[in-house]
Every structure is written in C-alpha cells, then in structure tokens.
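J.: Fold the following and give me the result.
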Amino acid sequence: MQIKKILVPVDGSEYSLKATTYAAEFAKLVGAEVLLLNCRMQVPPMLSSEAYEQAKVSLTNRSNELLEPFRELLRRAGISFADRILEGPVEDAIVQLADFEKCDQIIMGSRGHSDLEGLLVGSTTHRVLQIAACPVTVVR
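T.: Next up is the predicted model:
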C-alpha cells in the first residue's frame with residue numbers, strides 16, 4: 001500500500017497539534033502530502049442574507065486563523081499540503097472529504113475541544129473510526 005495523501009482534521013486543540021506533528025513526520029517518511037481540515041459551525045439559514053454572509057465570513061476568518069499554526073508547522077517541516085474549511089457535522093465532513101479527495105489515511109487527535117473530560121476516545125474520533133473507509137490513526 002502506498003500512502004500519497006493524509007487527511008488531518010484540526011480544531012485548535014492540543015490533540016490536533018499532536019496529530020499534525022505526527023502526520024508531518026509520517027508524511028516525510030512516506031513522501032505523502034497532507035490535507036488539513038477544519039469544520040466550522042453551520043450558519044443558521046434563518047438569518048437575513050446580509051447577516052448570513054457576515055456570519056459566514058466571520059466563521060471562515062476564524063477557521064483560517066485557527067488553521068494558520070498548523071499550516072506553519074507543515075511549511076517548516078517542508079511538507080506539501082492543502083487545506084479545506086467545511087461546515088456541518090464534523091465526523092461526516094471528515095469521512096466525506098477523505099472519500100472525495102481519495103485520502104489513503106486519516107490521522108487525528110484522540111479528543112478535541114468539544115469532547116467531555118474523561119472519555120478515552122472523543123465522540124468524533126470514535127465515529128470516524130467506525131465509518132471511515134480508509135485507515136485511521138489516532139494520536140494521544
């Protein structure tokens with residue numbers, strides 16, 4: 001099996017930073033590129049069109065700010081990468097993007113910002129492990 005593309009979902013947590021560091025090292029070893037993903041909150045459709053657009057821009061800007069340290073980590077490591085910002089249920093976005101982009105592997109943190117303290121594996125990570133078609137590496 002040849003690994004060419006690795007999906008790394010990030011939410012700004014310590015766990016996603018560890019996963020990105022691991023992915024950078026792994027990508028270097030196998031010559032793969034990394035695809036960063038941040039899932040932002042959905043904008044409520046009942047807003048006026050102007051408020052909807054303002055909220056969408058604000059959330060996208062916040063996602064771009066969140067992604068920047070991860071981009072910089074990959075730049076410093078010399079890893080080829082791209083990134084995506086999606087909205088919607090996180091686990092669905094991760095699995096659908098991995099399928100659409102033909103990712104060979106997903107590397108993600110064991111927990112994120114939204115998970116409750118004390119869980120062994122975060123609910124998003126657990127769900128991705130159940131439904132992803134490609135191998136998933138969980139970093140603690």
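J.: and Met46, that's in a helix?
T.: No - looking at Met46 with DSSP: H, G, I helix; E, B strand; the rest coil, it is coil, so not inside a helix.
J.: Angles on the backbone of the residue of the chain most remote from its centre, please.
T.: Distance from the C-alpha centroid of the chain, by Cα atoms, centre = their mean, peaks at Ser48 (29.6 Å). Ser48 adopts backbone torsions of phi -60, psi 160, taken as degrees, to the nearest 10.
J.: what's the spacing between it and Gln54?
T.: Using Cβ to Cβ, to the nearest Å, Ser48 is found at 9 Å from Gln54. (C-beta placed from N, C-alpha, C; glycine too.)
J.: and what of Arg140?
T.: The value you get for Arg140 to Gln54, if Cβ to Cβ is used, is 38 Å.
J.: what do you get for Ile107?
T.: For Ile107, the distance to Gln54 - Cβ to Cβ - is 34 Å.
J.: Select the helix or strand of this protein having the lowest average pLDDT value.
T.: helix 123-131 (a mean of 92; mean pLDDT, DSSP states H and E).
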